[in-house]
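Asks: I'll drop the sequence and a predicted model, then ask my questions.
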Amino acid sequence: MPYSATAGGFLLVLAIVLPVAGVLIALLFGRRYAERIALAVMPFGLAVAIAIAVAVSNTRQVLQYVIGGWQPPLGVALRADGLSAAMMVTAALLIPAIGLYARPQFSQPPGTERRAPLVFWILLLAVWAALNAVFLGADLFNLFVALELLTFAAVPLVCLDGRAETLAAALRYLLFALLGSALYLLGAVLLYGAYGTLDIALLSARVRPEPAAWAALSLMTVGLLAKAALYPLHLWLPPAHAGAPAPASAVLSGLVVKAPFFLVVRLWFDVMPRLPDRAAAQVLGVLAAVAILFGSLLALRQVRLKLLIAYSTVAQIGYLFLIFPLAGGARVGHPWITSAWTGGVLQAISHAFAKAAMFMAAGLIYEALGHDRIAGLAGVGKALPITVFAFGLGGMSLMGLPPSGGFVAKAMLLTAAVADGQWWWAVVVLAGGVLAGGYVFLVLARALADPSEPLALLAYISRTRQAVVLVLALFAVLLGFVPLRPWELLLIGRPDAAAMAFR
């Protein structure tokens, strides 16, 4: 099936080339200019992402670009549907915000020879390029390459400070990621051997319910779950996200873990929409439910703020995978399939903004106090009111309180669960919201309490950095004003079989 050229297809190439060019120019000019180059590239990258989303929305069709004019399976194609556009805009908004926040922490003072600033800015752009390649890829092998580039850009972010514990966390992250990569690649080999192509569009027409396809789907799904840190493959995430510098934690939790989730969605809904059945979707749902409850309970037990937020990420990832039993297990033609689809994707987007804001708020608190022990946060609410307020707004989205984006996402998942008679997922969503309220209010209660002695701040926290955190938290809340119905943008490019759910 040939790919037809579409107006604006060149924007897809530009979305990947811009951050890659920033990486190369930063390497060429060295440490003194890396920050300026990265910050100069970011507005153009945001403009490109918005232009792609506008083009997809206005034309109501998928943007496509065939590199070199070579049609798949010999050539490489880029493809942007509604889901791709939404995720690209999310990344394009978060990356510049994280860059502005990170400037004081990763600046290069004149006359110094620090390596960390150069490495950070290069890796931040590399993560962005790899994310865009994941969101736009139309071939399973090219998606594998993009996912590996993302891994090798994300892992060093964990151990930028060079401490022994962060090095150990980065090594554990790398081992889980490599295991996931090996399983994914083995599944891709099986698919290529059976069907002679790895192009998503061609595969979706050729894949049949047979042992090779089942084995490939199982291997690739498990590999991606290891990278996404879905329970019980979550062991690498808490030490990696909690130990990394705050800007890196925001990137990892807000964006990086969404890429493997995005690829599982591609596999189940685009590559093999007729292969998984209701039982397979329920298995993913059970893992998601355990992640929600287990991650939330562990978050309640943490004594450090960043560890609490990290275990919260384990729980919130679970909500993403409820899309499979709800949007992929419903009866054919069920009207609530699109609600579950929209709710799952909106959960990914709102979580990205909320969790980035919470990790960055925790970073400011650590800089101000010299620690992030929850028991020692008394008085920080008065010392850093904007930061604590932003943390609370992000927590409100995690709890699913109106009018936050988390509320709309969870309400749509709840509605889909009840409408399809799968009430047990509704119970899980509600229980997860209550537990999230417990750990968020625990932190806020400590932060707003009066200290036993005057609080001494170790560092001045600029209003600019606090404003960046607040803006991200407000984005998570403003998503709650999206109408409580299926989002038309996210349905652009959905194959008929995927839009009507699995058999």
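Replies: Arrived safely, thanks for sending.

Asks: wait, L100 sits on V468?
Replies: Yes. Counting by C-beta atoms under 8 Å, V468 is a contact partner of L100 at 5.2 Å. C-beta: built from backbone N, CA, C; applies to glycine.

Asks: looking at those two, which one has more neighbours?
Replies: Ranked by neighbour count (other C-beta atoms under 10 Å), L100 and V468 place V468 first, with 24 against 16.

Asks: setting aside sequence neighbours, what's the nearest residue to that one?
Replies: Residue nearest to V468 in three dimensions, not counting chain neighbours: Y101, with 4.7 Å by C-beta to C-beta, 6 or more residues apart in numbering.

Asks: next one: Y231
Replies: Excluding the flanking residues, the one nearest Y231 by C-beta to C-beta, 6+ apart is A291, at 3.8 Å.

Asks: so what's the one you found scoring on pLDDT?
Replies: Turning to A291, the model gives it a pLDDT of 96.

Asks: secondary structure element holding it?
Replies: Assigned by DSSP states H and E, A291 belongs to helix 278-300.

Asks: what lies in contact with that helix?
Replies: The contact list for helix 278-300, computed with C-beta atoms under 8 Å, 6 or more residues apart in numbering, reads 221, 225, 230-232, 234, 238, 308-309, 311-322, 324-326, 328-329, 424-425, 428-429, 431-432, 435-436, 438-439, 442, 502.

Asks: now, which of those residues lie within helices?
Replies: Using DSSP state H, the subset of the contacts of helix 278-300 located in helices is 221, 225, 238, 308-309, 311-320, 324-326, 424-425, 428-429, 431-432, 435-436, 438-439, 442.

Asks: need the contact list for the residue lying farthest from the centre of the chain.
Replies: Going by C-alpha atoms, centre = their mean, the residue of the chain most distant from its centre is E453, 40.2 Å out. By C-beta under 8 Å, 6+ apart, the contact set of E453 is empty.

Asks: on the three-state scheme, it is what?
Replies: Three-state assignment for E453 (DSSP: H, G, I helix; E, B strand; the rest coil): coil.

Asks: switch to numbering from 5
Replies: Happy to do that; since the first residue is 5 now, the last one works out to E457.

Asks: any low-confidence regions in the stretch 405-507 of the chain?
Replies: Along the stretch 405-507 of the chain, the parts satisfying pLDDT under 70 run over 488, 499-507.

Asks: picking up where we left off before, which ChimeraX command selects the buried ones in the contacts of helix 282-304?
Replies: To isolate the buried members of these in ChimeraX, using 16 or more other C-beta atoms under 10 Å:
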select :225,229,234,235,238,242,312,313,315,316,317,318,319,320,321,322,323,324,325,326,328,329,330,332,333,429,432,433,436,439,440,443,446,506
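
Asks: so how far is Y177 from G197?
Replies: Remark: distance between G197 and Y177 (C-beta to C-beta, to the nearest Å) = 31 Å.

Asks: between these two, point out the one with more neighbours.
Replies: Neighbour comparison, G197 and Y177: the larger count goes to Y177, with 28 against 10 (by other C-beta under 10 Å).

Asks: how about the helix holding A295: buried residues?
Replies: For helix 282-304, by 16+ other C-beta under 10 Å, it's 284-286, 288-289, 291-293, 295-300, 302-303.

Asks: list the contacts for the nearest residue to L202 once chain neighbours are set aside?
Replies: Take L202 and drop its neighbours on the chain: the residue closest to it by C-beta to C-beta, 6+ apart is L144, 4.1 Å away. Applying C-beta under 8 Å, 6+ apart to L144 gives the contacts A192, L195, L202, D203, I204, L207, V275.
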